[in-house]
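Chemist: Here is a sequence together with a model predicted from it:
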Amino acid sequence: MRWALVKVSLAVTTMVVLAFAVPLGLVIREMARDRAFSNAEREAAAVAPALSITTDRDQLERVVASAGSDAGMAVHIPAGDGQDALELGRQRATDEDIAAVRKLGRASTTGVAGGSTLLQPVALSTGEIAVVEVYVPEAEVTNGVGTAWAVLAGVGVALVLGSVAVADRLGVRMVRPAKRLVKGARDLGEGRLGARVPEEGPTELRLAAVAFNSMADQVVHLLANERELAADLSHRLRTPLTVLRLNAASLGEGPAAEQTRTAVEQLEREVDTIIRTAREAKPQTAAAGPGAGCDAAEVVRERMAFWSALAEDEGRKWRVSGADRPVRIPVARTDLAAALDALLGNVFRHTPEGTAFAVDVHNGEDAVIVLVSDAGPGIPDPEAAMARGRGSGTDGSTGLGLDIVRRLAESTGGDARIGSSVLGGTEVRIWIQLDDRAPVSRGGHRGPVRRRRRGRLVAAYNRSRSV
């Protein structure tokens with residue numbers, strides 16, 4: 001906006017300066033020409049009275065000398081009454097021009113080498129017509145024109161520069177509030193809810209800043225209400241959970257009863273986590289500092305131990321790889337467990353009994369890959385499945401499972417993708433970034449160093465799959 005305003009001001013001021021300077025320069029040149037020929041007319045008029053009285057050469061030479069232009073003045077007296085023609089001074093005009101002026105009896109100008117001449121007819125006492133010729137050099141015609149044009153050009157340049165400076169200041173006055181508004185909107189979009197914009201600048205931008213601040217306050221208020229509502233709704237689950245826990249306690253002994261009690265305890269823990277998160281308004285996927293996060297291998301082993309009992313009941317073969325040594329990731333333990341439960345739950349819900357599945361952990365220099373794959377029928381349209389993960393909820397899905405996985409990966413700067421597994425079915429890949437980078441959107445550009453590191457990790461992962 002700032003440079004656009006400067007360009008417009010430059011164009012408009014230049015057109016205005018040209019519109020005034022060009023005609024004024026032409027007028028100055030005409031004024032200089034008129035001044036030069038007016039002086040010539042006065043010199044010719046100074047000789048006219050003497051010609052009307054006498055045609056004596058000596059007297060006329062003295063008159064011409066007294067006029068101050070003897071070098072540039074000539075007098076042409078025709079012959080008559082027994083007197084020969086008389087020529088005084090240097091003739092520059094042609095005989096035809098002199099004869100034409102004498103015949104017409106009207107003054108005229110004609111161009112000659114180095115300038116112009118003024119031919120002024122004068123009536124003699126004998127009735128003949130003499131012609132006074134006054135030479136006007138070109139330098140006299142253009143005297144002062146160059147200086148005047150230079151002054152005009154300087155004034156024009158000064159006006160253009162002044163207008164550009166003023167436009168630049170006005171642009172800064174408009175652009176700075178606009179940039180602050182853009183920065184505030186970006187900060188608010190990135191989750192910094194305390195972002196506000198100074199209510200300064202032109203009236204329109206000031207009103208926009210007021211509207212933005214009001215919107216930001218409303219967003220904060222709505223989010224606070226949403227957190228309170230989530231906490232209240234979660235708290236209402238405590239009563240049916242208590243009943244469910246009491247009923248589970250009366251089931252007696254056995255694998256099914258133990259699994260039911262474990263599931264109830266986990267559900268209670270998840271409800272408590274939701275309530276605390278809603279009350280504290282702190283994201284659970286953000287690492288709190290050095291050493292924060294969890295051991296991905298430990299979480300994978302724990303969740304596979306939970307799902308293995310159900311897998312044995314349904315006759316499913318399963319495999320865990322890469323979870324035999326610690327793998328630290330900047331993700332909360334509960335979040336990773338929720339993501340794994342969502343993916344493994346999808347395997348049990350959407351594949352036939354007896355379908356094999358596997359969980360693999362690949363630890364790289366700056367990222368960790370967690371793979372959940374199965375030998376089921378696969379997903380015909382992975383993009384549509386990820387769209388469901390973003391909340392469309394088609395085909396009987398709530399959309400929360402894949403959304404949990406995607407948000408967990410993107411909170412670290414990674415991503416989640418769906419592809420074909422080596423088992424012949426679906427493979428969900430969770431890319432967890434380790435180098436403490438800000439989250440990026442899907443398809444965002446990454447630096448060359450990060451792309452090389454990612455390429456090495458993908459190559460190692462592909463080699464491990466082919467074994």
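Modeler: Here it is on my side, so go on. These figures come from a predicted structure and were not determined experimentally. Numbers count the residues shown, from 1 in each chain.

Chemist: What ranges does the stretch 51-200 of the chain have for its helices?
Modeler: Ranges of helices within the stretch 51-200 of the chain are 57-66, 95-104, 138-141, 145-189, based on DSSP state H, counting those that start in this stretch.

Chemist: I'd like those as TSV, with mean neighbour count and distance to Ala21 appended.
Modeler: C-beta: built from backbone N, CA, C; applies to glycine. Compiled in TSV, these are given as follows (neighbours: other C-beta atoms under 10 Å; distance: least, C-beta to C-beta, whole Å):
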stretch	mean neighbour count	distance to Ala21
helix 57-66	15	42
helix 95-104	15	36
helix 138-141	15	21
helix 145-189	15	5
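
Chemist: what would the ones you listed look like in a markdown table with distance to Asn363 and mean pLDDT?
Modeler: Below are those laid out as a markdown table (distance: least, C-beta to C-beta, whole Å; pLDDT from 0 to 100):
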| stretch | distance to Asn363 | mean pLDDT |
| --- | --- | --- |
| helix 57-66 | 113 | 74 |
| helix 95-104 | 106 | 85 |
| helix 138-141 | 92 | 81 |
| helix 145-189 | 33 | 82 |
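
Chemist: could these go into a markdown table alongside distance to Arg245?
Modeler: Shown next, in a markdown table, are those (distance: least, C-beta to C-beta, whole Å):
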| stretch | distance to Arg245 |
| --- | --- |
| helix 57-66 | 134 |
| helix 95-104 | 127 |
| helix 138-141 | 113 |
| helix 145-189 | 42 |
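
Chemist: Looking at these, which is nearest to Ala19?
Modeler: Among the helices of the stretch 51-200 of the chain, the nearest to Ala19 by C-beta to C-beta is helix 145-189 (10.6 Å).

Chemist: Just give me how far that closest one sits from the chain centre.
Modeler: 19 Å (C-alpha atoms, centre = their mean, to the nearest Å).

Chemist: Residue ranges in the stretch 301-450 of the chain under the pLDDT threshold?
Modeler: 387-401, 435-450 (pLDDT under 70).

Chemist: Run through the strands of it in chain order.
Modeler: Counting by DSSP state E, counting those that start in this stretch, the stretch 301-450 of the chain has strands at residues 318-321, 328-329, 357-363, 367-374, 415-420, 426-433.

Chemist: The fifth one pairs with which strands?
Modeler: Yep, that's strand 415-420 we're talking about. Sheet pairing of strand 415-420 (DSSP bridges) gives strand 426-433 (antiparallel).

Chemist: returning to what we had before: mind checking which of the helices of the stretch 51-200 of the chain is nearest Leu24?
Modeler: Going by C-beta to C-beta, the one of the helices of the stretch 51-200 of the chain nearest Leu24 is helix 145-189, 6.2 Å.

Chemist: Does anything pack onto whatever helix or strand comes next after that closest one? Which helices or strands?
Modeler: For helix 145-189, the following helix or strand on the C-terminal side (DSSP states H and E) is helix 203-236. Judged by 3 or more C-beta pairs under 8 Å, 6 or more residues apart in numbering; DSSP states H and E, the packing partners of helix 203-236 are helix 145-189, helix 255-280.

Chemist: okay, the angle between the shortest one and helix 203-236?
Modeler: In other words, helix 255-280. Going by axes from the mean of the first three to the mean of the last three C-alpha atoms, to 10 degrees, helix 255-280 is angled at 150 degrees with respect to helix 203-236.

Chemist: Off-centre distance for whichever helix or strand comes after helix 255-280?
Modeler: Sequence order places strand 294-295 as the next helix or strand after helix 255-280, per DSSP H and E. Relative to the centre of its chain, strand 294-295 is centred 42 Å away, using C-alpha atoms, centre = their mean.

Chemist: Please list the outside residues in contact with strand 294-295.
Modeler: Around strand 294-295, the neighbours that count as contacts under C-beta atoms under 8 Å, 6 or more residues apart in numbering are Pro326, Val327, Arg328, Ile329, Val331, Ala332, Arg333, Leu336.

Chemist: how about those residues, which pair is most distant?
Modeler: Pro326 and Ala332 (16.4 Å).

Chemist: Looking at these two, which has the bigger crowd around it?
Modeler: Comparing Pro326 with Ala332 by other C-beta atoms under 10 Å, the one with more neighbours is Ala332, at 22 against 10.

Chemist: Now do the same contact list for Ile430.
Modeler: By C-beta under 8 Å, 6+ apart, the residues touching Ile430 are Ala339, Ile369, Val370, Leu371, Val372, Val405, Leu408, Ala409, Gly414, Ala416.

Chemist: what do you get for Ile53?
Modeler: Ile53 makes contact with Ser125, according to C-beta under 8 Å, 6+ apart.

Chemist: picking that back up, quick one: the helices and strands packed on helix 203-236 as a markdown table, columns for distance to His221 too.
Modeler: As requested, those are exported to a markdown table (distance: least, C-beta to C-beta, whole Å):
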| stretch | distance to His221 |
| --- | --- |
| helix 145-189 | 14 |
| helix 255-280 | 15 |
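
Chemist: closest to Ser52 out of those helices?
Modeler: Closest to Ser52 of the helices and strands packed on helix 203-236, according to C-beta to C-beta: helix 145-189, at 36.5 Å.

Chemist: what about the nearest residue to Val368 once chain neighbours are set aside, neighbour count?
Modeler: Closest residue in space to Val368, ignoring its immediate chain neighbours: Ile432 at 4.6 Å, by C-beta to C-beta, 6 or more residues apart in numbering. Neighbour count of Ile432, defined by other C-beta under 10 Å: 25.

Chemist: Hmm, Leu371 and Ile432 touching each other?
Modeler: No - in this structure Ile432 lies outside contact range of Leu371 using C-beta atoms under 8 Å: 11.7 Å.

Chemist: Would you mind giving the strands of the stretch 301-450 of the chain as TSV with distance to Leu244 added?
Modeler: Formatted as TSV, the strands of the stretch 301-450 of the chain follow (distance: least, C-beta to C-beta, whole Å):
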stretch	distance to Leu244
strand 318-321	28
strand 328-329	32
strand 357-363	28
strand 367-374	28
strand 415-420	32
strand 426-433	30
